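Participant: With the input below, show me the fold.
(chains A, B and C)
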Amino acid sequence: MSIDLIKNAIVLGSVYLLFATGFTLVFGSFKVMNLAHGAIMTLGAFVGIYADNVLGFPIGFTLVVAAIGAGAGNAFLDAVILRPIARQSASTHAGAEDLNPIVATLSFGTIVLGLLVQTVKAVDFTYKQTDALAKPFAFGGLTVSSLDLAIVVCAIVMTGLLSLIIAKTRAGMAVRAVAEDRAMASALGVRPNVVSAATFFVSGAMAGVCGVLVGILYSNVNVTIGDHLLLFGFVIVTVGGLGSLTGTAIAAYLVALVQTIANAYFQAAAVDLIVFGTLLLTLLIRPNGILGKNALSAGIARR
Amino acid sequence: MLSIEGLSIAYGGIRAVREATLTVEDAAVTCLIGRNGSGKSSLVMAVAGLVSASGSTRLDGIDISRKSPASRARLGISLVPESRRIFGSLTARENLLLGAPRDARVVATRLASVLDLFPALADLLDRGGHEISGGQQQMLAIGRALMCGPRVLILDEPSLGLAPIVVIEVFRAIARIAAAGQSVLLIEQNAKAALDVATYAYAMSLGKVESLGATADLPSDFELRDLYL
Amino acid sequence: MINFAALGGAGFLEALLIAVLAALSQYVVLRAGVFSLGTVGFMAIGAYTVAVLTVKYHVAPPLAVLCGILLATIVGVALGALVGKLRGAYQGIATLSFVLVVERIIALWESVTGGPFGITSIPLFARYGLLLATAAGALIIVIALELTPTGRKQSAVRIDELAAASFGTNVAWVNLVAMSVSAAIGGLAGAMMAGNQFAVDPTAFSFGLIIATLAAVIIGGYRSFLGPLFGAFVVVALPLLFSRHQILASTIVAIVTILILGFAPRGLAALTRLDGEFLLRLFKGPLRENRAGSSGPSLLMPVSNDGGRVLAAFEIARAYGAVRAVDGVSLTIESGQIVGLIGPNGAGKTSVINLLAGVVRLDDGRVTVGGQRIDTLPAYLVQRQGIARTFQACRLFHEHSAWSNVLLAATSGRSRSQRRERPDRACAQAAMAFTGCLDLADRRAGDLPYAFQRRIEIARALACEPRFLLLDEPAAGMTQSEATDLGDVLRRTAAQGVGVLVVDHNVPWILSLCDIVNVQHMGKIIACGPPAAIRGDPQVISAYIGGYVEAHEPSSECGNANEAGVGA
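Facilitator: Alright, predicted model coming up:
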């Protein structure tokens, strides 16, 4: 196995990690499987394109703007769509067997993509202010572009920072408390709606950063870039054990490694077959993922 | 002063609380005793805003009956719920800090007084909320509510499921909290212990609240057994 | 801008009928509480089987369709067995990955499936007429399934798995049935799709189709067979209405979906009253001829309690974390006896019932019926030993009528010989008459006054013709007179030879009702004996109204009495 292959796997794994961390964050805290996550990432990529192509922002700025745009979109999903639907379901005793939130996120994703298509049509875009990321570094026999480096650093720093925030800060404390017992947390003065909107914002912001970096990596942004990532994000968070950040990180690099190696020998459909087949087997052998406890079944099951 | 007037709660077809009226005086313990299922817990959940109810609830004259649970908590309603509801994914220290204000000095003073009240908690601060025993959880829950700096501390069945020796300890703590001038609403089925610490008493039965007046004025032959057996 | 003409053509109707078939397949699993997204995978299998057989092997279309259904069903049974132990979203993800795997296999297996180019020149056998006939046929099968005991158990499992198991429903089995039927209908939908479209290729079975099929059932609702019909219409018609603005179409479907979720969270079909429950009342309602007649309440089961059967617990224990909820409890219930279990809140009374009913595993001790151990059995098999229960919080299937709640128990909670001896409906009717709620049979359980919900829960337990009945706080929330009436029902039940265990907080009521009363405190039985003895017991008084008495071991006399099974 060549060293380039490993480098590619690490870069790809970092992209997956950026994407999946936000997905896991929302699932682990609020038991919402956010199927709009791919669309939110695409939204971030296009906000980035606007900042880059139209406003001519430097890339660092573009990343921030994209993060805010995608984060705001995700917070909107929580505050305007998911909360009212959850209230409505609760008032009609629909029960927790309820699939409505999943379908709502799916529909929201469709709306976001629909509006994007309406605005930008089915055209491919590229980022232009990327000279800063083109600079190559040589480590022994391995050449790494500063883009590769940026992706890996971004993924690891953001995920690490997020785990720290969740584990150590007051805000993280509030997220864990609301996740565990919304009513009790509110009886102590924590505002659950603010906490959940903020969590969705952070999750969306990470997807937005991921969108810009993916757009630069593949030199192409169009409205379909989220689709494939969503499926793979799905695989990763499940294999990692839904709700577990560490498990997600391990799974992201594992899936990337499997995919990169398979890519070298097989055609694309076969690679997908291997990846999805692995997912199915993992679920049947270890129903809670590599490190997951019972986050998921606790969230969806009745009691 | 917390005053509840004409508060009613209905779940589906059951009327759990019917037109309850009750006042929690400042710097005193008011207890509400009654058989299980009489609606005591529903009543205090409604006061904390966790259950929707009709009627009015006023804290120091301000109507809080339409406010969110978080707003009520910030105005000074602190609930120690039945079964405690300690956050298992938070450490004991984090449980305590959750409702505390941001001011580090205030937090330090309150933490010190909570640890003074429950010295046993000092060694447990870094344990997970589910790794400590029932009695310790109860102390933690009371401490957590005190960290909010409550106007009215509501204790819902603090002796529930605790060993007798722990019950004694919890009631001693309640007496100390009250002695410090904290107004307390105490919900208990352990009526003897509750009447011992309370200044005013109410009894609840089948969703209706009845005032028993000041505990000091209760006749010495007051038959508690009628309420239970 | 709205193109109504698009809904006129045969093209729309054909697309609609295929969508109805797909939605029916999705509906069958969702209404059973199985979160399977496998439908599109089954469709792909059905479609490719037909395409390969008709084009390459020139098999006649009807035979090819049958083969497609058969293959999809076989795969469905295997998938159902594999994902059976998964729950909720894990089931969703596993079945979704199954679809993706099927799709990739089709794309890769070029020698048979034509790979990404698919198969063309499939005979066009599935025109409008045939599609209409198959869709109608599938709908009839789905409705028929809904009315069978298995179908009713499926929706009971979705609403409350634990309650369903408590009267003998084998959850794994009814889920597997749902999966198989879903697979068969999915295979049929795929086969019809192939016969309607001249060509199949892998892109037809994309993520988009999975979403559309799921959305159709959610929009329509999975509580009535009308749901998939309404949902399929919305999902197929809306995009066509806006077909001149193709990009808008999917956005509008999504917006409509969200609005429906917000304003009609149970789906469009819930706006009508027509569902399986309605048909059941129509066809299988109670007979009622006895309502005014003399044969009234005493009609209850001829109790098959063979002499001195005893339900006994020996030193059972269960801890939750550091809390010892049940700590070495022994008690016995004989046939015809009413045994009370009281104690302060948090004493562990409900845990005792859960342990006896097999819902929770024992840490220590054993539970026997007539000397045979039952504590190793799963809940639904414990029920088959003649042990029925009710729950602390009323766990009726609130979407079902009162009648259907009780009938389901009569159907699934009794042995074959019991069912032979006495038809299900007669048994359910007797149980309802016995508890005095036959008049409420047609009402939706969730709409009834609370006291009657509790009675129906007891009727449901009695309809299993149990030898032992475990009641968890049956009188909670009742007024004094309602509790007294309930006491009469329980006395009559015991008089029929059923052993009854009652947990309640209403101490005077328990003391007036029971032959033997156990008092539990801090997980242990602190007193046990006839009501008169309990009333004066100082330990009991202190456990209830306080004082700080140390927990004592139960008097040795009590433990021995239990072992021997003292009568009243």
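
Participant: what about the stretch 101-250 of chain A, any weak spots by pLDDT?
Facilitator: The model of the stretch 101-250 of chain A has pLDDT under 70 over residues A:242.

Participant: can you list contacts of the lengthiest helix in chain B?
Facilitator: Identified as the longest helix of chain B according to DSSP state H is helix B:164-179. With contact meaning Cβ atoms under 8 Å, 6 or more residues apart in numbering or on different chains, helix B:164-179 is reached by B:27-29, B:117-118, B:134-135, B:138-139, B:142, B:146, B:153, B:155, B:158-159, B:162, B:184, B:186, B:190, B:193, B:196-197, C:548-551. C-beta coordinates here come from the backbone N, C-alpha and C atoms, glycine included.

Participant: Narrow the residues you listed to just the buried residues.
Facilitator: Listed as buried from the contacts of helix B:164-179 are B:28-29, B:117-118, B:134-135, B:138-139, B:142, B:146, B:153, B:155, B:158-159, B:162, B:184, B:186, B:190, B:193, B:196-197; burial here means 16 or more other Cβ atoms under 10 Å in any protein chain shown.

Participant: Of those residues, which belong to strands?
Facilitator: Per DSSP state E, strands hold the following members of the buried ones among the contacts of helix B:164-179: B:29, B:153, B:155, B:184, B:186.

Participant: can I get those in JSON lines with pLDDT?
Facilitator: Below are those laid out as JSON lines (pLDDT from 0 to 100):
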{"residue": "B:29", "pLDDT": "93"}
{"residue": "B:153", "pLDDT": "95"}
{"residue": "B:155", "pLDDT": "94"}
{"residue": "B:184", "pLDDT": "94"}
{"residue": "B:186", "pLDDT": "94"}
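
Participant: Among those residues, which one sits closest to chain C?
Facilitator: residue B:186 (12.4 Å; Cβ to the nearest Cβ).

Participant: Can you spell out which residues form a bridge with the closest one?
Facilitator: Beta bridges link residue B:186 to residue B:31, residue B:155, judged by DSSP bridges.

Participant: Mind listing what's buried along the host helix or strand of residue C:410?
Facilitator: Using DSSP states H and E, residue C:410 falls within helix C:402-412. For helix C:402-412, a neighbour-count test (16+ other Cβ under 10 Å) marks C:402-412 as buried.

Participant: about what we covered before: now the angle from the longest helix of chain B to strand B:152-156?
Facilitator: 160 degrees (axes from the mean of the first three to the mean of the last three Cα atoms, to 10 degrees).

Participant: Give the buried residues for helix B:164-179.
Facilitator: Of the residues in helix B:164-179, those buried (16+ other Cβ under 10 Å) are B:164, B:166-167, B:169-171, B:173-174, B:177-178.

Participant: Identify the residues contacting the helix holding residue C:410?
Facilitator: For helix C:402-412, contacts defined as Cβ under 8 Å, 6+ apart pick out C:149, C:152-153, C:156, C:167-169, C:277, C:280-281, C:284-286, C:388, C:396-397, C:400, C:419, C:424-425, C:427-428, C:431-432, C:437, C:440-445, C:448, C:452, C:456, C:459-461, C:463-464.

Participant: one more time with 7 Å, if that's ok
Facilitator: C:149, C:152-153, C:156, C:167-169, C:277, C:280-281, C:285-286, C:396-397, C:424-425, C:427-428, C:431-432, C:437, C:440-443, C:445, C:448, C:456, C:459-460, C:463-464 (Cβ atoms under 7 Å, 6 or more residues apart in numbering or on different chains).

Participant: now swap in stretch C:189-205 and tell me
Facilitator: For stretch C:189-205, the surrounding residues in contact (Cβ under 7 Å, 6+ apart) are C:14, C:18, C:21-22, C:25, C:40, C:42-48, C:50-51, C:61, C:65, C:68-69, C:103, C:106-107, C:116-122, C:124-126, C:131, C:134.

Participant: As a check, name the ranges of all helices in chain A.
Facilitator: A:3-30, A:37-49, A:59-76, A:83-91, A:100-120, A:131-134, A:146-168, A:170-180, A:182-187, A:192-217, A:225-239, A:245-265, A:268-285, A:295-300.

Participant: Return the most buried member of these.
Facilitator: With neighbours defined as mean count of other Cβ atoms under 10 Å in any protein chain shown, those peak in mean count at helix A:37-49, which reaches a mean of 29.

Participant: So what's the residue count around the nearest residue to residue C:272 once chain neighbours are set aside?
Facilitator: Distances taken as Cβ to Cβ, 6 or more residues apart in numbering or on different chains place residue C:226 nearest to residue C:272, at 6.2 Å, with adjacent residues excluded. Residue C:226 has 20 neighbours, counted by other Cβ atoms under 10 Å in any protein chain shown.

Participant: In contact with the one residue sitting closest to the centre of chain C, which residues are there?
Facilitator: Nearest residue to the geometric centre of chain C (Cα atoms, centre = their mean): residue C:157, 1.7 Å. By Cβ under 7 Å, 6+ apart, residue C:157 lies in contact with C:32-33, C:164, C:169, C:171, C:174.

Participant: How about residue B:41?
Facilitator: Residue B:41 touches B:82, B:156, B:187, counting by Cβ under 7 Å, 6+ apart.

Participant: That one and residue B:194: what is the separation?
Facilitator: 15 Å (Cβ to Cβ, to the nearest Å).

Participant: Which residue comes closest to the residue of the stretch 101-250 of chain A found nearest chain C once chain neighbours are left out?
Facilitator: Relative to chain C, the nearest point of the stretch 101-250 of chain A is residue A:114 (3.0 Å; Cβ to the nearest Cβ). Spatial nearest neighbour of residue A:114, excluding adjacent residues (Cβ to Cβ, 6+ apart): residue C:251 at 3.0 Å.

Participant: What helices and strands are in contact with the helix or strand harbouring residue C:98?
Facilitator: Assignment of secondary structure by DSSP H and E places residue C:98 within helix C:88-108. Where contact means 3 or more Cβ pairs under 7 Å, 6 or more residues apart in numbering or on different chains; DSSP states H and E, helix C:88-108 is packed against helix A:268-285, helix A:295-300, helix C:39-56, helix C:61-83.

Participant: Out of the ones you listed, which gets nearest to chain B?
Facilitator: helix A:295-300 (10.8 Å).
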